[in-house]
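S.K.: sequence unavailable; structure follows:
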Ligand code: URA
């Protein structure tokens, strides 16, 4: 079992500097199984149930590193500092912004795309999900400005559609029409603004875009826009079973 010094563990979870943690320990504000941990240099085994057994300043300990979250991304928040507007991280507890290893988004959704966004502090997991050879599929619900013509599904599945400014055709995309202006598309790669550019190449325009599935993991119906929850091992495994 991995163990960390108490001051290192809490500093890495964003509770403060190691000196501040030492102060909290001395003030008996850190408890494990109800007993104060007064020595900031004590090594703490990172048992998976530690967050349920330990408290800091009267509140249960934050989740240990190895965190993977499902966020229902609302419209208008961004995944990157490069775009203007509030970041998705502003939807999470403030202390989580100071975690080390840091939480990152698993790929990105545009500011004007809603739906399932994964975040993790586990670099190996992130890589396993986004690596092209993993071919984790992503499904989007699309609202179009103009009616479908009828040939879109065939063109998208051909593996021959070329996006403007690119020299390699898109991998086949599965499309299922819902009605004249709504469909779902399932992608097996992730190019910049892919869904919007794909429909532009087909002479249409995407009015609204929502991701509802990554691999075999669907966005939970009970998560309202802006809400998130921590994924368990079975749900993380579901990402890879499609
Ligand atoms: N395709 C897009 O155009 N935007 C997204 O956010 C995701 C896929």
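M.R.: Arrived safely. Predicted, not measured: the structure shown is a model, and the values here were computed from it.
S.K.: contacts for the host helix or strand of residue 115?
M.R.: For residue 115, the element it lies in under DSSP states H and E is strand 113-120. Judged by CB atoms under 8 Å, 6 or more residues apart in numbering, the contacts made with strand 113-120 from elsewhere in the structure are 67-75, 79, 88, 92, 103-107, 109, 126, 129, 140-141, 209-214, 217-219, 225, 228, 231, 239. Bear in mind the C-beta positions are built from the backbone N, C-alpha and C, glycine included.
S.K.: try it again with 7 Å
M.R.: Contacting residues not belonging to strand 113-120 are listed as 67-75, 88, 103-106, 109, 126, 129, 209-214, 219, 225 [CB atoms under 7 Å, 6 or more residues apart in numbering].
S.K.: out of these, which are close to the ligand?
M.R.: Taking CB under 6 Å from any ligand atom as the test, the ligand is in contact with 109, 209 out of the contacts of strand 113-120.
S.K.: just the ones in strands from the contacts of strand 113-120, please.
M.R.: By the criterion of DSSP state E, membership of the contacts of strand 113-120 in strands covers 68-73, 104-105, 209-214.
S.K.: give the pairing partners of the strand holding residue 115; include direction for each.
M.R.: Each strand that strand 113-120 pairs with, and the sense of that pairing, follows from DSSP bridges: strand 68-73 (antiparallel), strand 104-105 (antiparallel), strand 206-214 (parallel).
S.K.: of those, which stretch is the most buried?
M.R.: With neighbours defined as mean count of other CB atoms under 10 Å, the strands paired with strand 113-120 peak in mean count at strand 68-73, which reaches a mean of 23.
S.K.: run the chain-centre distance for that one.
M.R.: Mean-position distance between strand 68-73 and its chain equals 5 Å (CA atoms, centre = their mean, to the nearest Å).
S.K.: kindly report the same for stretch 172-185.
M.R.: Here the centre of stretch 172-185 is set off from its chain's centre by 24 Å, with CA atoms, centre = their mean.
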